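Compute the structure for the input listed below.
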Amino acid sequence: MKKVVTFGEIMMRLATPGFSRYTQTNSFDLTFGGAEANVAVSLAGYGVPAEFVTALPDNNDLTIRCLQELRGLNVETEHISKQGERIGIYFLETGAVARASKVIYDRAHSSLATIKKGSIDWDSVFVNAGWFHWTGITPAVSQQAADVLAEAIESADRHGVTISCDLNYRKNLWKYGKTASEIMPSLVEKCDIILSNEEDAEKVFGIKPSDSFDVNSGNIETISFQYVCEKMMEKFPRARRIIMTLRGSINASHNTWGGVLWDGKNLLQSRRYDITHIVDRVGGGDSFMGGLIFGMLNYDNDQMALEFAAAASALKHTIVGDFNRVSVKEVETLIAGNGSGRVSR
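Coordinates of the predicted model:
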């Protein structure tokens, strides 16, 4: 199997222990995470060759720790560029019930934000690659990161690699003078697979569901998203599949979760999961994307790929940290209807 390549920023994640607040904690739990790295870890866990490309500071003990984490999870790191001065950080306060989670970013002037064009040999990266994945977080970090991403997409296109993106709109990141609407279209137009949600499509491209709905009710009519998928495919005719995640946020601890896939003719719907005791929802969309890529590479129909993505992501909500540490067998067991959680002996 050819490898899947992802490109973006990996950060130190400093989370308050348990459900404690920033204002009461005296310590933080250190792990690593970031959208594109999360996808690579998911795929490596499923046995898919996966390589993560980024920039990290050289001669830095935290870089060593980060690489140990990735390599220990079977993610290739051969083409990570050693440049810049610091690893980005994000702080997490995990919410519960009526109290929402909070994220504080400290990633200005990170190695990825200051990455230099031409510093990554993308033609070497895409030798033996079959898929390239990126997210809208990367071009939001800085103009330099957006420029290097454009280099990667051009190279992947020349090599005939399938290109996917997760729009992943983050309003708090677009601060360097450009908007998502200015930068994203030229990057997305070369994508074969596009993942979004209702907010991403509206905030980046002004496309929203034809019917009104309340995401806080947990009851989202999937047919409402067919219009968004159709309009996205009209705007980006190269795209073969448009996928949308459907999250109903009843409260911070209770969400409904699923997805739809549009192939240009048919709207497929996944099973809807009722997740009543969320452990950690960070990385939920990334685990969906990792599952979707695996499904498209390993199953002979889109419905099974969509079901694998939704089930993998439902399981991620039970795992602390950005990374989805589940196996193919665990995901397929949930798809088959066994979600009892009984002890496996």
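
Off-centre distance for stretch 4-17?
Distance of stretch 4-17 from its chain centroid, counting by C-alpha atoms, centre = their mean, to the nearest Å, is 10 Å.

Which residues belonging to it are considered buried?
Using 16 or more other C-beta atoms under 10 Å as the test for burial, stretch 4-17 gives 4-16. Every residue, glycine included, has its C-beta placed from N, CA and C.

which residues of the stretch 101-250 of the chain fall in strands?
With strands called from DSSP state E, counting those that start in this stretch, the stretch 101-250 of the chain shows them at 102-106, 129-135, 162-166, 193-196, 241-251.

I figured Ala156 was touching Asp123, is that so?
No. Using C-beta atoms under 8 Å, Ala156 is not in contact with Asp123; the gap is 9.9 Å.

Show me which of those two is the more surrounded one.
Between Ala156 and Asp123, counted using other C-beta atoms under 10 Å, Ala156 has the larger neighbour count: 25 against 11.

Report the spatially closest residue to the more buried one, excluding sequence-adjacent ones.
Leaving aside its sequence neighbours, Ala156 sits nearest to Phe132 (C-beta to C-beta, 6 or more residues apart in numbering; 4.1 Å).

can I assume that neighbour is in contact with Glu151?
No. Assessed by C-beta under 8 Å, Phe132 is found out of contact with Glu151, at 11.7 Å.

which ones are touching Asp192?
The contact partners of Asp192, by C-beta atoms under 8 Å, 6 or more residues apart in numbering, come to Thr162, Ile163, Ser164, Arg238, Ala239, Arg240, Arg241.

so who does the third one touch?
If I follow you right, that is Ser164. Ser164 touches Trp131, Phe132, His133, Trp134, Cys191, Asp192, Ile193, Ile194, Leu195, Met289, Ile293, counting by C-beta under 8 Å, 6+ apart.

Pick out whichever of those sits closest to Asp302.
Ile193 (10.8 Å; C-beta to C-beta).

give me the beta-bridge partners of the closest one?
Counting by DSSP bridges, Ile193 is bridged to Ser164, Arg241.

what about Phe132 and Glu151, which has more around it?
Phe132 (29 against 15).

Next up, the contacts around that one.
Phe132 makes contact with Val4, Val5, Thr6, Phe7, Phe126, Ala152, Ile153, Ala156, Val161, Thr162, Ile163, Ser164, according to C-beta under 8 Å, 6+ apart.

Try it again at 7 Å.
Val5, Ala152, Ala156, Val161, Ile163 (C-beta atoms under 7 Å, 6 or more residues apart in numbering).

mind putting these in JSON lines, distance to Gly72 and pLDDT included?
Below are the contacts of Phe132 laid out as JSON lines (distance: C-beta to C-beta, whole Å; pLDDT from 0 to 100):
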{"residue": "Val5", "distance to Gly72": "19", "pLDDT": "98"}
{"residue": "Ala152", "distance to Gly72": "25", "pLDDT": "98"}
{"residue": "Ala156", "distance to Gly72": "27", "pLDDT": "98"}
{"residue": "Val161", "distance to Gly72": "27", "pLDDT": "98"}
{"residue": "Ile163", "distance to Gly72": "28", "pLDDT": "98"}
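
Of those, which belong to helices?
Using DSSP state H, the members of the contacts of Phe132 that fall within helices are Ala152, Ala156.

I'd like the contacts of Phe132 as TSV, with distance to Gln144 appended.
Compiled in TSV, the contacts of Phe132 are given as follows (distance: C-beta to C-beta, whole Å):
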residue	distance to Gln144
Val5	19
Ala152	13
Ala156	19
Val161	23
Ile163	21
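
Which single one of the contacts of Phe132 is nearest to Val260?
Nearest member of these to Val260, counting by C-beta to C-beta, is Ile163, at 20.9 Å.

Report the separation between the residue nearest to Arg240 when sequence neighbours are not counted and Pro237.
Leaving aside its sequence neighbours, Arg240 sits nearest to Asp192 (C-beta to C-beta, 6+ apart; 5.2 Å). Distance, Asp192 to Pro237, by C-beta to C-beta, to the nearest Å: 11 Å.

can you check Thr162 too?
Relative to Pro237, Thr162 is positioned 16 Å away (C-beta to C-beta).

The two: which is more packed in?
A count of neighbours by other C-beta under 10 Å puts Thr162 above the other of Thr162 and Pro237, at 19 against 9.

Let me see the contact set for the more buried one.
Neighbouring residues of Thr162 by C-beta under 7 Å, 6+ apart: Gly130, Trp131, Asp192, Ile193.

repeat that with 6 Å
Trp131, Asp192 (C-beta atoms under 6 Å, 6 or more residues apart in numbering).

how much space between it and Thr318?
Distance of Thr162 to Thr318, given as C-beta to C-beta: 30 Å.

and if you look at Phe132?
Distance from Phe132 to Thr318, by C-beta to C-beta: 29 Å.

worst-scoring helix or strand of this structure, pLDDT-wise?
Each helix and strand of the chain was given a mean pLDDT (mean pLDDT, DSSP states H and E); the minimum falls on helix 198-205 at a mean of 91.

Many thanks, have a good one.
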